[in-house]
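based on what follows, work out the 3D shape:
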Amino acid sequence: MKKTTMKDIAMRANVSVATVSYVLNRVDNQTIPEKTRRQIIELAEELRYIPNLAARSLANQKTGLVGVLVHKSGHMPYWKLHAQLAFIHALEQRLTAAGYHTLLYSLDTDNPTLDIIVERKLEAVFLMDVRDDSFYSISRHFVEGVPLILIDSMIEDKLFKQVVFNYRSALEKALPDDLSQVCLIMESFNNSLLTRYIRSSVPLADDAVFEIRGLQDLIPATDHRRFKRAIVINEFIGSHLEKTARFEHLTVICTCNSPEMLGEGVEKVLFHGDKAEVAFDLMQKLLHHPDYSGQDNNCYYVD
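Purely as a prediction, here's the structure:
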């Protein structure tokens, strides 16, 4: 199959090759109508245009590479794997449409090493569900001016931007007035600050909150007869609990964008925002406005 060139895109869009080059190489000092810009990007995706990264790097000192770093472990449950892959797929689509290439890299949870990926000269980095104690050992590998955006993670440092679901708002919708027979069943995160944020959002005692790393962790929650209602974070865990018919009322906060897997008798709380879109737009903003360390807002909540 013949490789698509900028000339091919220019002919289809009825513009000059220079205009195509300006758009695909994200040259900002050219006045190009937004309609034309969108048309060129859409044609590039339709024709499967693959930029010459080496030539573009020589021209503008950029590689076009964006890294997505994901912590891995030998015991990752399937619901976490599904949620991460869904986010990465949605983000990669946006990056490709904008002319970037995505480099996915798995970090060992206990011993994260970055020697290989640092050599790639990334323009931006997304770091998913990072452990607090390893965050700074990872972040120090990336030079100033390379945005490092945390996904499903929180850090008490205004230098780093974070994108997380607005669990507090979702839990407010899910909580009944009477909490005496309510428990919270949530998936476990590597990031302890995110866990603390979620747990601080519900006025429940510690023995009414269950963190689930595997299906065996559901046994204490289902064996505890005092709980008649359960609020569940993650629809895969919610689906498993629905099948047990253990609770009189089940409310599931959907974090995997798959509410269809739950029955009609389950109350569902949905996030209507797009986490991948928020993360991508934030990256673009940081790349064009690098002096962001003094900004007050460092956490972007997706409702």
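
report how many residues lie close to Ile41.
19 (other C-beta atoms under 10 Å). For every residue, glycine as well, the C-beta is placed using N, CA and C.

break down the chain into its strands, ranges please.
For the chain, the strands identified by DSSP state E occupy 65-72, 101-108, 124-128, 148-151, 161-165, 182-187, 209-212, 229-233, 249-254, 267-270, 299-302, in order along the chain.

which among the ones you listed is found nearest to Glu45?
Proximity to Glu45, assessed across the strands of the chain by C-beta to C-beta, is greatest for strand 101-108 (13.1 Å).

which strands and helices sit next to the closest one?
Here strand 101-108 touches strand 65-72, helix 78-97, helix 115-118, going by 3 or more C-beta pairs under 8 Å, 6 or more residues apart in numbering; DSSP states H and E.

give the buried residues for it.
Judged by neighbour count using 16 or more other C-beta atoms under 10 Å, the buried positions of strand 101-108 are His101, Thr102, Leu103, Tyr105, Leu107.

which one of the residues you listed is nearest Leu270?
Thr102 (26.8 Å).

so what's that closest one closest to, chain neighbours aside?
Counting by C-beta to C-beta, 6 or more residues apart in numbering, Glu92 is the residue found nearest to Thr102 once chain neighbours are left out, at 4.6 Å.

how about Ala276?
Take Ala276 and drop its neighbours on the chain: the residue closest to it by C-beta to C-beta, 6+ apart is Ala90, 3.6 Å away.

so who does that neighbour touch?
Residues in contact with Ala90 (C-beta atoms under 8 Å, 6 or more residues apart in numbering) are Asp274, Lys275, Ala276, Glu277.

taking these, please make a PyMOL selection of just the buried ones.
The following PyMOL command selects only the buried members of the contacts of Ala90, with burial defined by 16+ other C-beta under 10 Å:
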select buried, resi 274+275+276
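
between the contacts of Ala90, which sits nearest Phe210?
The nearest member of the contacts of Ala90 to Phe210, counting by C-beta to C-beta, is Lys275 at 24.4 Å.

is it true that the closest one touches Phe165?
Yes: with contacts counted by C-beta atoms under 8 Å, Lys275 reaches Phe165, the gap being 6.9 Å.

what is in contact with the two at once?
With contacts defined as C-beta under 8 Å, 6+ apart, the residues adjacent to both Lys275 and Phe165 are Val302.

looking at the helices and strands packed on strand 101-108, which is buried most?
Stretch with highest mean neighbour count among the helices and strands packed on strand 101-108: strand 65-72 (a mean of 21; mean count of other C-beta atoms under 10 Å).

who does that one pair with, and is each partner parallel or antiparallel?
strand 101-108 (parallel), strand 124-128 (parallel) (DSSP bridges).

quick one, the first one and helix 78-97 angle?
Taking axes from the mean of the first three to the mean of the last three C-alpha atoms, to 10 degrees, one finds that strand 101-108 is oriented at 150 degrees with respect to helix 78-97.

just the C-alphas of strand 101-108, formatted as PDB.
Output for strand 101-108, consisting of C-alpha atoms alone and laid out as PDB, is shown next (Å, rounded to 0.1, in the frame of the first residue of the first chain):
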ATOM      1  CA  HIS A 101       2.500   9.100  18.500                       C
ATOM      2  CA  THR A 102       1.800   7.200  21.700                       C
ATOM      3  CA  LEU A 103       4.400   5.300  23.500                       C
ATOM      4  CA  LEU A 104       2.900   2.900  26.100                       C
ATOM      5  CA  TYR A 105       5.300   1.700  28.800                       C
ATOM      6  CA  SER A 106       4.600  -0.600  31.800                       C
ATOM      7  CA  LEU A 107       6.300   0.300  35.100                       C
ATOM      8  CA  ASP A 108       7.000  -2.400  37.600                       C
END
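
and that strand, how far out from the chain's middle?
With C-alpha atoms, centre = their mean, to the nearest Å as the basis, strand 101-108 stands 13 Å off its chain's centre.

pLDDT averaged over it - what is it?
The pLDDT scores in strand 101-108 average 85.

pretty sure Leu103 sits against Val68.
Yes: under the criterion of C-beta under 8 Å, Leu103 is in contact with Val68, at a separation of 7.1 Å.

what touches both of the two?
Residues touching both Leu103 and Val68 (C-beta under 8 Å, 6+ apart): none.

perfect, I'm done here.
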